[in-house]
Structure formats: structure tokens, C-alpha cells
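A.B. asks: what's the 3D shape of this:
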Amino acid sequence: MEHNERLIERRSIRLKEYDYSRTGAYFLTICTYRRQCLLGTMVDGRVILSSIGKIVVEEWLRSAEVRKEIELDAFVIMPNHLHAIVAIHRGERQIVSECLEAERRAMKAKTIGSFVSRFKAAATVRANELHGTPGKSIWQRNYYEHVIRSEKEQNRC
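C.D. replies: Take a look at the predicted model:
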């Protein structure tokens, strides 16, 4: 079978011309790889977190500590995904890396995309260390985001 680039093109769900590093609020949905129930199970209408689910919660909460441009709002962990409202700030809350570390690598832009990428990587590394499964994916490649433009939208999310 001949390789056809058009068959594997991914359609971007991001808003064209939108600056995802600008100050604002976002509603996110991040799904597990192949929508496997890796984060927990449902028991009597409640989610009982798995060991991976507990790591995800810890890394989610730690995100605001290590990424000063991020402010976390409400979030919920389900067995195969999480929903969250996140705000991004600019200015004085911007994190400054150690000098040597900053020299060794280029800093990613402070965008929602870079935040999600770093969160997913941190949770994946810890989950794989715990289970002895180096390199195993726990997340889908992409994520869903919605730019929240009003208080009414935020309340709905």
C-alpha cells in the first residue's frame, strides 16, 4: 500500500490566529491513551482513584506551584479523562529557571499547550516509574480546549 500523507494529516482544533500565551481562562479535557480507565473506577457513582489517578492529581496541583503563570480552578478526574478550568497570566508571576538550567535548554513559550505538555510528561514519567513501564503512553496525543470568554461561560464549564 502506498504511503499517503493526506490520510494521516491531523486537523487542528485550535483557533486560528489566537495567541494561546495571552492572559485568559481555558476549559480543558485531557483523555487517557485509547480512553483506557487508567485513572480510576466508578463505584456507587463516585470515582475511586487508581495509583495513576493519584499521581495525576498530585502533578495537576503541583503544576501551579512550578508554573507561576498558571492558576488552577475547578477540576474533576474521571476514570479515563480529566476536565479542568485553567487561567494563564503574564508578568510578575512568570517563573524564572535556575541560570544553569536556562542556559542548557531553550524555554518553551508559556502557553496552554506547553503547560498541558509538561503536565502530561510529568504524570507519565511518575506513572511509568511506579509501574516499571518506561516509555508507555498514558495520554492521548492531543487535548480539547475551549477559550472561556465570559463569566457565564466559566460557570457553564
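
A.B. asks: now do the residue positioned nearest the centre of the chain against residue 152, distance only.
C.D. replies: Most central in the chain under Cα atoms, centre = their mean is residue 116, positioned 2.9 Å from the mean C-alpha point. Per Cβ to Cβ, to the nearest Å, residue 116 is found 25 Å from residue 152. No exception for glycine: its C-beta is placed from N, CA and C like everyone else's.

A.B. asks: now do residue 55
C.D. replies: For residue 55 relative to residue 152 (Cβ to Cβ), the value is 34 Å.

A.B. asks: tell me which of these two has more neighbours.
C.D. replies: residue 55 (21 against 9; other Cβ atoms under 10 Å).

A.B. asks: list of residues touching the strand or helix carrying that one?
C.D. replies: Here residue 55 sits within helix 51-66, counting by DSSP states H and E. Here helix 51-66 makes contact (Cβ atoms under 8 Å, 6 or more residues apart in numbering) with 38-40, 47, 49, 70-72, 75, 77, 79, 82, 84, 95, 115, 118-119, 122-123, 126-127, 130-131, 138.

A.B. asks: so, low pLDDT: which residues of this structure?
C.D. replies: Residue ranges of the chain with pLDDT under 70: 1-15, 17-18, 90-109.

A.B. asks: hey, what's the angle from the helix ranked longest in the chain to helix 51-66? Just curious.
C.D. replies: Looking across the chain with DSSP state H, the single longest helix is helix 112-131. Interaxial angle, helix 112-131 versus helix 51-66 (axes from the mean of the first three to the mean of the last three Cα atoms, to 10 degrees): 140 degrees.

A.B. asks: distance between helix 112-131 and the chain's centre?
C.D. replies: Here helix 112-131 is found 8 Å from its chain centre; the criterion is Cα atoms, centre = their mean, to the nearest Å.

A.B. asks: and that helix, what does it pack against?
C.D. replies: The contact analysis (3 or more Cβ pairs under 8 Å, 6 or more residues apart in numbering; DSSP states H and E) places helix 112-131 against strand 24-31, helix 51-66, strand 81-88.

A.B. asks: rewinding a little: just the buried subset of the contacts of helix 51-66, please.
C.D. replies: 38-40, 47, 70, 75, 77, 79, 82, 84, 115, 118-119, 122-123, 126-127, 138 (16 or more other Cβ atoms under 10 Å).

A.B. asks: which helix or strand contains the closest residue to residue 113 other than its chain neighbours?
C.D. replies: Distances taken as Cβ to Cβ, 6 or more residues apart in numbering put residue 20 closest to residue 113, at 5.8 Å, once the chain neighbours are dropped. Using DSSP H and E, residue 20 sits in no helix or strand.
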